[in-house]
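Undergrad: Here is the input, now give the coordinates:
(chains A and B)
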Protein chains: 2
Amino acid sequence: MAVDLSPIDEGLLAEIANIHGMPKGAFNIRKDGQLVERHSSANIEIATKTDNPGIDIRIKAGTKGETVYIPVIVTQSGLKDVVYNTFYIEDDCDVTIIAGCGIHNESHQASEHDGIHTFYCGKNSHVKYVEKHYGEGAGTGERILNPVTNVVMEENASCEMELTQLRGVSSTVRDTNAELGAGAKLVLTEKLLTHDDQVATSNMKVELKGDDSSVQVISRSVAQDNSKQIFNPLVIGEAQCRGHVQCDAIIMGKAKVTAIPGIEAASEDALLVHEAAIGKIAGDQITKLMTLGLTEEEAEQEILEDFLN
Amino acid sequence: MAVDLSPIDEGLLAEIANIHGMPKGAFNIRKDGQLVERHSSANIEIATKTDNPGIDIRIKAGTKGETVYIPVIVTQSGLKDVVYNTFYIEDDCDVTIIAGCGIHNESHQASEHDGIHTFYCGKNSHVKYVEKHYGEGAGTGERILNPVTNVVMEENASCEMELTQLRGVSSTVRDTNAELGAGAKLVLTEKLLTHDDQVATSNMKVELKGDDSSVQVISRSVAQDNSKQIFNPLVIGEAQCRGHVQCDAIIMGKAKVTAIPGIEAASEDALLVHEAAIGKIAGDQITKLMTLGLTEEEAEQEILEDFLN
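TA: Here you go, the predicted model:
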């Protein structure tokens, strides 16, 4: 690992990207708005953008089995870091992309990271994208993360996206947009945990534009204490397509959750379904685990971990 | 039946309120913004409002097994009829209320009826409310119906509301609001059919304010031709309560349906669920009916009638 990473930095990288030591293959590590270290591979080229802050990641046609890491960490208080990362994934690839942002804030000033990620997925390419957000530190300053994720999928492309907000993010507005061409398939899983006075808003817009395209949106969230969450996923079917949206939320304490999933059928051949449920942990689930020897708190924790994982 | 009702009027009344001849018990028949005939009963008093156009309907405590009819018909083109009907249903009643509006329009001018209905349901009272909207006539003038339905339910009151839009309504914006006290139970069923270039918007807001209150919202709709429908039901749980929203839509031709059902849990003890599905009639359902000797059109009609009834 590069010399200028502290134990706090390394802890953040382990939490958000499961990085211990130097990753293999292509990676780009950003800290406090600056490049820490970058590595391109034979098939994956990472270059600094010439217009905006951020990077272009070009993945050659036919690249299979490779992983790219692009984690971001913020430890400087009062910083608002905005970065644009654009992925050009050519045809017939099968790659994994690991992103994420960790904020450590010991101050009363806010720290903010806004990552705008855009993915162009070529024909027949499969992309797995994993993104984790995490905040820590004893400061009263807010830890703010406002990610934008844009996905454009060509014919028969497939994407699995796992977007997770772990503990410690004071405030987030999440915008996710996708356009699917013919035969494209997207599975979008979002998991959010909020606690204390945190607020989270998640907006999603998925447009099914090509015949035989399909999307599955799975949203799972836990709102604890006084936290507030709002979900606005919208799936629009403009072709012979299938869309399924499922939002499940567990509410605890004085938390508040609003789920407003929209489906819009603009084609007679669109089949769109959504489901949502908000409630507390069922009492009998807790009782069952307590009969196995767990305390009430342990049982609750076990159920929440199962639900989010 | 009163002398000034034509065969067209009688046809409209039969369509919207199933009235043939004079109803029994309490009723108020309104035509083109004017009272046609009114009858109060020993337990149900209908009086003209002193502030706004419309009527106050007072139902004495303990009234059981009675029905009130308050249909409205519009046959005059260019008329915009706004009417306020307020129901004061005292405790321990069990009554049925039949409302509805039929518009016959032979002109190029629009005809509009906006009925604002408010229901105060006393403790332990059970109310069944049936409302049908219908338009007809060869004119190009729009047939517009913008109903507002407000329901305030006291302890252990229960309401079944069936709101139906039959054929022929060019444009509608429907607003339905309900507040439920402890132990109150509301079942709200809305059925909409749109065709040609019709547009329909349905907004609902149900607030579950008391412990053990519950609501079930059932929305069924068919959108044919170039028609457009938008659904915005919102259920807010503020106590130990249960809410269930179910929207099912059949889309045909070039129609467009958007369903955005919201649930908002503001109490840890609220359990809220919603489901929505939009799609076309399943091909195998049509095939099955065709093997029984129906034509494709007859099979389709049969399935739609089953779905809406």
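Undergrad: Just the local confidence number for the closest residue to A:Lys64 other than its chain neighbours, please.
TA: With C-beta to C-beta, 6 or more residues apart in numbering or on different chains as the criterion, A:Lys64 has its nearest non-adjacent residue at 4.4 Å, and that residue is A:Asp94. C-beta: built from backbone N, CA, C; applies to glycine. As predicted, A:Asp94 sits at a pLDDT of 98.
Undergrad: Parallel or antiparallel, which strands does the host helix or strand of A:Ile103 pair with?
TA: A:Ile103 is part of strand A:94-104 when elements are defined by DSSP states H and E. Each strand that pairs with strand A:94-104, with its direction, by DSSP bridges: strand A:64-74 (parallel), strand A:126-136 (parallel).
Undergrad: Check whether the residue nearest to A:Lys64 really touches A:Asn124, as I assumed.
TA: No - counting by C-beta atoms under 8 Å, A:Asp94 stays clear of A:Asn124, with 9.3 Å between them.
Undergrad: hang on, the earlier thing: could I get the strands paired with strand A:94-104 in CSV, plus columns for mean pLDDT and mean neighbour count?
TA: Rendered in CSV, the data for the strands paired with strand A:94-104 read as follows (pLDDT from 0 to 100; neighbours: other C-beta atoms under 10 Å in any protein chain shown):
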stretch, mean pLDDT, mean neighbour count
strand A:64-74, 95, 22
strand A:126-136, 96, 22
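Undergrad: what's near enough to touch A:Leu12?
TA: Going by C-beta atoms under 8 Å, 6 or more residues apart in numbering or on different chains, A:Leu12 touches A:73, A:75, A:102-104, A:134, A:136.
Undergrad: What is the end-to-end distance of stretch A:163-183?
TA: In stretch A:163-183, first residue to last residue: 23 Å (C-alpha to C-alpha, to the nearest Å).
Undergrad: sorry, back to before: need the contact list for the residue nearest to A:Lys64.
TA: When the contact criterion is C-beta under 8 Å, 6+ apart, the partners of A:Asp94 are A:63-65, A:125-126.
Undergrad: Show me which pair in these is furthest apart.
TA: Across these, the longest distance by C-beta to C-beta is 12.9 Å; it joins A:Gly65 and A:Ser125.
Undergrad: Mutual contacts of these two, please.
TA: Both A:Gly65 and A:Ser125 are contacted by A:94-95, under the criterion C-beta under 8 Å, 6+ apart.
Undergrad: Checking the strand or helix carrying A:Val215 against chain B, do any of its residues make contact.
TA: Assigned by DSSP H and E, A:Val215 belongs to strand A:213-223. No - counting by C-beta under 8 Å from any C-beta of the partner chain, chain B has no neighbours in strand A:213-223; the shortest distance is 8.6 Å.
Undergrad: from the middle of its chain, how far away would that strand be?
TA: 11 Å (C-alpha atoms, centre = their mean, to the nearest Å).
Undergrad: Just the buried residues of it, please?
TA: A:213-217, A:219-223 (16 or more other C-beta atoms under 10 Å in any protein chain shown).
Undergrad: List the neighbouring strands of that strand plus their orientation.
TA: By DSSP bridges, strand A:213-223 pairs with strand A:185-194 (parallel), strand A:241-251 (parallel).
Undergrad: and the helix or strand that comes right after the shortest one, what other elements does it pack with?
TA: Next helix or strand after strand A:185-194 toward the C-terminus (DSSP H and E): strand A:199-208. Packed against strand A:199-208, as judged by 3 or more C-beta pairs under 8 Å, 6 or more residues apart in numbering or on different chains; DSSP states H and E, are the following elements: strand A:171-180, strand A:185-194, strand A:213-223, strand A:228-237, strand A:241-251.
Undergrad: As TSV, those strands with mean pLDDT would be great.
TA: TSV is the format used below for the helices and strands packed on strand A:199-208 (pLDDT from 0 to 100):
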stretch	mean pLDDT
strand A:171-180	97
strand A:185-194	96
strand A:213-223	95
strand A:228-237	95
strand A:241-251	93
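Undergrad: Around chain B, pick out the residues from chain A.
TA: Proximity of chain A to chain B is assessed by C-beta under 8 Å from any C-beta, with A:234, A:237, A:249, A:251-266, A:268-280 identified as the residues in range.
Undergrad: just checking, which of those belong to helices?
TA: Secondary structure assignment by DSSP state H places none of these in helices.
Undergrad: List only buried entries from those.
TA: Applying a neighbour-count criterion of 16+ other C-beta under 10 Å, the buried members of the residues of chain A next to chain B are A:234, A:237, A:249, A:251-252, A:255-266, A:268, A:270-280.
Undergrad: now, which of the residues you listed lie within strands?
TA: Counting by DSSP state E, those place A:234, A:237, A:249, A:251, A:256-259, A:262-265, A:270-279 in strands.
Undergrad: about what we covered before: which of the contacts of A:Leu12 sits closest to A:Met161?
TA: Checking the contacts of A:Leu12 against A:Met161 by C-beta to C-beta gives A:Tyr134 as the nearest, at 17.6 Å.
Undergrad: what sits against that closest one?
TA: Contacts for A:Tyr134 were tallied using C-beta under 8 Å, 6+ apart; they are A:12, A:15-16, A:100-103, A:165-169.
Undergrad: could you redo the last one with a cut-off of 10 Å?
TA: Under the criterion of C-beta atoms under 10 Å, 6 or more residues apart in numbering or on different chains, the neighbours of A:Tyr134 are A:11-12, A:15-16, A:73, A:100-104, A:143, A:145, A:164-169.
Undergrad: How about A:Gly135?
TA: Residues near A:Gly135 by C-beta under 10 Å, 6+ apart: A:12, A:15, A:74, A:101-105, A:111, A:113, A:142-145, A:165-172, A:198.
Undergrad: let's go with 7 Å and repeat that
TA: For A:Gly135, the set of contacting residues under the criterion of C-beta atoms under 7 Å, 6 or more residues apart in numbering or on different chains consists of A:103, A:105, A:143, A:168-170.
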